[in-house]
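J.: Predicted model, plus sequence, below.
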Amino acid sequence: MMATTRMTQNYPYSNNSQFPAPNGAPLPPPARGQSPMTYNQQQHAVPQRPPSSNTLSPPTTPHLHQSRPVSPAAVENNARRTKRHYPTYAAADQSMAGTPPLPSQPQSFQQPQQPQFAQGGLSGMPTVPNPVYPTSSPQQPNNNNYATSLANGVANMSLYGQSQQPVASPREDIPLVGQAPLIHDLDLTPPTPQIGQNISVTPSPNAQSSAIFKRSTINAVPASNNLLKKSKLPFALLLEPYPSDVEVPLVTDTVVPRCTRCKTYINPFVRFNQGALQWQCNMCGLDNDVPNSFDWDVTSQQQVDRWSRPELNYGCVDFVASADYMVRPPQPPAYVFIIDISYQAIQTGMVGVVANSILKSLENIPNEDGRTKVALITVDNAVGFYKLAGDEPEMLVVGDLSDVYLPRAASDLLVDLVDAKAVIQDLLERMKTMHDGSQMVNNCLGTALQAARKLLSSTGGKIVCFQANLPNVGDGVCKPHEEKKAITETTLMTPSSSFYRTFATECAKSQVCADMFIFGGGAFSDVATLNVIPRFTGGQTHYYPGFTANNNADAVKLEHEIEKLLAEKIGLEAVMRTRCSAGLICKSFHGNCTTRVPDIMALPNVPRDQSYCVEIGIEEDLQGSHAYFQTALLYTTCFGERRIRVINLCLPIARTMLEFFSSADQTAIARTICHQAIDKAVTYKLKDARDLLAKETIDISTAYAKEVIGNVATGASRLSLCRNLSMLPFLILGLLKTETFNEAGTIPADIRARSTVLLRTLPTELWLELTAPKFYCLHSMPQNAGQIDPNTKQFVMPPRINLSSEKLERHGLYLLEDGQSIYIWMGKEAVPPLCMDFLNIPNINSVQSGQIAELPKLNNPFSQRVTSIVDHVRKERKSAYYPSLYIVKEDGDPLLRAMFLSRLIEDRNANGPAVAGANQQNVNSGMSYFQWLGFVRSKCQ
């Protein structure tokens, strides 16, 4: 009975007198009548982040308290301070009492109703309740004199220059030196632009687009470029225009009102003039005619309520485009699979896994209207085509590598999935084993890519390439990697062949995208070169180092990622453009796209959840009280409908430095600096990129001390930032420790290239996890962790803890995840009950470190909760990447142990400097967090 009771609770898994508490002090014995479990929970009580919600809603700004919060780490003993490089003047008397509460309410988009008209017209603007999103059909106004009422009401609207501005929160400066980073601040929602109550044409709470779609590095635009320069903050927009699992209101009547001068789309921030017969563009100020359909439905011959139209109530809407936005019939989804069948590919076993994954995905490929087309090509020293029209597949080999041609009509090779499904299934079943005896060591990938482009040139489409061998014959030969210089003196992501950049340009013109699945069998795979095609065609790159199908975990990861990618309802043949208020310009662009002059981003495919960045410049001083940004994405859906997604953002104009800094979004700022550093490393040297990361951190810290705190800053105040920027140095240190910017010469070039691809393209939520991993304690997690909360119906994760080895107890169980990998750390003195309940292994000596496909499913509550946590981390994420799972025993595999410890950002790495950060001349990725702060503070003189 005792064993059952212990399993249903959480596990102390230790004798309290034998093992130290998390802060290094011995635990006092539990009170009489208090169970060890309950007592252990009290020792680890940490405020918990509320469950997240995928519903759209304007983000909220947390209330900032006046007190100075610190981490419990600030009061730890002297031995631990020495280990973690705590300064001697740490503020030991501070506490976490000032930490603001985390948001606790899920939010959702709400649908405004029509205005209530009084006799004589509108009284200001109508009060809008909050029905459920998306919009419903408009109701008819109960007003006999609708036009007169509308005109009188518009005349009474209070929009520009009279909006009530919210009172700014008091300033809260956080001294960084002497306390651990406030890790829970990373889970807070982004700052909300303070735009007042009446700036939009309707009182809809959703007039501002959600941060899911667009967020700015600063939520108050500086009135002049001089103010922006003084702050040293970057000004950019982060865009995720096509997120998954988010519904967007749809305007179906093909009426797309645009400004006749600047081409801005009508949005919630326009004004109605001239008796509501014209709308004034919020970008350029031009008056434009209001379409008749806004007030009169020609089909039903009835009045309609313009105020219920989605484009006047929602910051993000989709318009169904008219024929004016089409230069040809909508593109059908078309997929050409290129599969490497050379000897190296066969040895990895990837061909069978790929064929089986495509076979299982045929039912899930978007094909709502039956227009989807499929073709298969194999490649070794020649190009193999497959005739799929007919009763059975026929292989056709072309060995001419200088001028590849199609051996049959394109309609026989690229076929409708519905008509040829049985033949495709037959071919994929055969392909699992039909090339097993191949001895061909050459690979002509470039020639196969040219063939695939010819197949898709008339319609556009997607090339999905599975490559295990380095291309060594025909077009696009890649050279083996030979690096003789120090890694910091090299250029990042340098392609070894110019063929792929030229090919990507041709693909973009034909609306052809490419996704690359690259398999490293132990040799150099040249990810930097093969990534060039996805980089400029809107595709994705997946890299599998040391792949072997005999490792079930590798095979499962590949299957999940292929199936997820092929099931995506992507956007096709798209272009994206961002417009700004007068005085603002888009000056540079980041992400997987081709940029056309002056400011158009061409995207042959728009993958779900991929991120882009647009840097903004200030050309002239800004007038008025608000600035506007509108991003328009013109794309074709998988079912053949041409649409325009319009994403609007309104920001107040700031004229003081305090307003400016108080509105900063530290995550967006860190990501923008990351984009700038990647561009610097690609253009110049890795050393220049690392110096840029350090310089931006130093400049922002210095600017805040000088312009906001004042020149009187001394001691710890010399490195203080406002609460919403206090984690910026931590995030920059996280970037310096990633494989992209780390100066360790032992990092393989392909691993460095993969990290760069992820930092450039991941959605912001996963980018943040890659930069600052999430760390959890499992052996003493709260009883409700790992389960669905019965009240909120949301999954409950354990409390997040700081990324420090000080949190590791030698008998404990911990989980660390960065979006790409999940590490479960087992202390070397983990007790047998923990080993049995977690892995069904009798003791820690029998546990083996290594990669596993999934945790064993055992019939005990602890195992079920931990398994649920791992499943939640893997499945509830917006990404095509499937995290690998590793068991890391403290005294097990040294390589895995080093990988885990390298993700504890607050610690000094094994190759890090042994002296204080203030004594360092150059930035070092091995610095601990406090060494890094000392380095930054020493430069802020």
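T.: Yes, it's here.
J.: which residues does residue 630 contact?
T.: Residue 630 makes contacts with 264-265, 267, 283, 578-579, 646-649, as judged by Cβ atoms under 8 Å, 6 or more residues apart in numbering. Where C-beta positions appear, they are placed from N, C-alpha and C, glycine not excepted.
J.: In JSON lines: these, plus distance to residue 336, neighbour count and secondary structure.
T.: Shown next, in JSON lines, are the contacts of residue 630 (distance: Cβ to Cβ, whole Å; neighbours: other Cβ atoms under 10 Å; DSSP: H, G, I helix; E, B strand; the rest coil):
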{"residue": "264", "distance to residue 336": "38", "neighbour count": "26", "secondary structure": "coil"}
{"residue": "265", "distance to residue 336": "35", "neighbour count": "21", "secondary structure": "strand"}
{"residue": "267", "distance to residue 336": "39", "neighbour count": "28", "secondary structure": "coil"}
{"residue": "283", "distance to residue 336": "41", "neighbour count": "24", "secondary structure": "coil"}
{"residue": "578", "distance to residue 336": "32", "neighbour count": "24", "secondary structure": "strand"}
{"residue": "579", "distance to residue 336": "35", "neighbour count": "19", "secondary structure": "strand"}
{"residue": "646", "distance to residue 336": "32", "neighbour count": "27", "secondary structure": "strand"}
{"residue": "647", "distance to residue 336": "32", "neighbour count": "27", "secondary structure": "strand"}
{"residue": "648", "distance to residue 336": "37", "neighbour count": "27", "secondary structure": "strand"}
{"residue": "649", "distance to residue 336": "38", "neighbour count": "27", "secondary structure": "strand"}
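J.: nearest to residue 195, of those?
T.: Nearest to residue 195 out of these is residue 649 (Cβ to Cβ; 9.7 Å).
J.: Can you tell me who the closest one pairs with across the strands?
T.: Beta bridges link residue 649 to residue 629, judged by DSSP bridges.
J.: how close does it sit to residue 381?
T.: Residue 649 sits 53 Å away from residue 381, going by Cβ to Cβ, to the nearest Å.
J.: Kindly report the same for residue 225.
T.: For residue 225, the distance to residue 381 - Cβ to Cβ - is 58 Å.
J.: so where's this structure uncertain?
T.: The chain contains residues with pLDDT under 70 at 1-169, 482-484, 522, 711-717, 941.
J.: do that again at 80, thanks
T.: 1-170, 196-197, 481-485, 521-523, 711-718, 877-878, 917-918, 941 (pLDDT under 80).
J.: Spatially central residue for it, please.
T.: By Cα atoms, centre = their mean, the chain has its centre lying nearest to residue 763, at 1.4 Å.
J.: ok, and the closest non-adjacent residue to that one?
T.: residue 609 (4.5 Å; Cβ to Cβ, 6 or more residues apart in numbering).
J.: what do you get for residue 479?
T.: In space, and not counting its chain neighbours, residue 479 is closest to residue 496: 4.5 Å by Cβ to Cβ, 6+ apart.
J.: Who are the contact partners of the one you found?
T.: Residue 496 is in contact with 478-479, 481, 526, 528-529, counting by Cβ under 8 Å, 6+ apart.
J.: ok, back up a step: which residues touch the residue nearest to the centre of the chain?
T.: 240, 243, 609-611, 878-879 are the contacts of residue 763 under Cβ under 8 Å, 6+ apart.
J.: try residue 741
T.: Listed by Cβ under 8 Å, 6+ apart, the contact set of residue 741 reads 677, 681, 686, 689-690, 693, 735, 925.
J.: Give the burial count for the nearest residue to residue 580 once chain neighbours are set aside, as a bare number.
T.: Excluding the flanking residues, the one nearest residue 580 by Cβ to Cβ, 6+ apart is residue 629, at 5.5 Å. Close neighbours of residue 629, defined as other Cβ atoms under 10 Å, add up to 23.
J.: Was I right to think residue 629 contacts residue 579?
T.: Yes. Counting by Cβ atoms under 8 Å, residue 629 sits close enough to residue 579 to count as a contact (7.3 Å).
J.: Residue 528 falls within a helix, correct?
T.: Yes. Under the criterion used here (DSSP: H, G, I helix; E, B strand; the rest coil), residue 528 sits inside a helix.
J.: neighbours around it, how many?
T.: 25.
J.: Residue 352 and residue 251, how far apart?
T.: Note on residue 352: its distance to residue 251, by Cβ to Cβ, is 47 Å.
J.: Likewise for residue 720?
T.: With Cβ to Cβ as the criterion, residue 720 and residue 251 are 48 Å apart.
J.: Check residue 598 too.
T.: Using Cβ to Cβ, residue 598 is found at 28 Å from residue 251.
J.: if you count what's nearby, which of the two comes out ahead?
T.: Ranked by neighbour count (other Cβ under 10 Å), residue 598 and residue 251 place residue 251 first, with 21 against 9.
J.: Report the beta-bridge partners for the more buried one.
T.: Beta-bridge partners of residue 251, as defined by DSSP bridges: residue 319.
J.: my guess is it meets residue 320, correct?
T.: Yes. Between residue 251 and residue 320 there is a contact at 6.6 Å, judged by Cβ under 8 Å.
J.: just to revisit the earlier point, could you redo the contacts of residue 741 as a markdown table and give each row distance to residue 316 and secondary structure?
T.: Listed next are the contacts of residue 741 as a markdown table, based on distance: Cβ to Cβ, whole Å; DSSP: H, G, I helix; E, B strand; the rest coil:
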| residue | distance to residue 316 | secondary structure |
| --- | --- | --- |
| 677 | 30 | helix |
| 681 | 33 | helix |
| 686 | 38 | helix |
| 689 | 34 | helix |
| 690 | 37 | helix |
| 693 | 32 | helix |
| 735 | 29 | helix |
| 925 | 39 | coil |
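J.: Next, format the contacts of residue 496 as a markdown table and append distance to residue 857.
T.: Shown next, in a markdown table, are the contacts of residue 496 (distance: Cβ to Cβ, whole Å):
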| residue | distance to residue 857 |
| --- | --- |
| 478 | 43 |
| 479 | 47 |
| 481 | 42 |
| 526 | 40 |
| 528 | 40 |
| 529 | 42 |
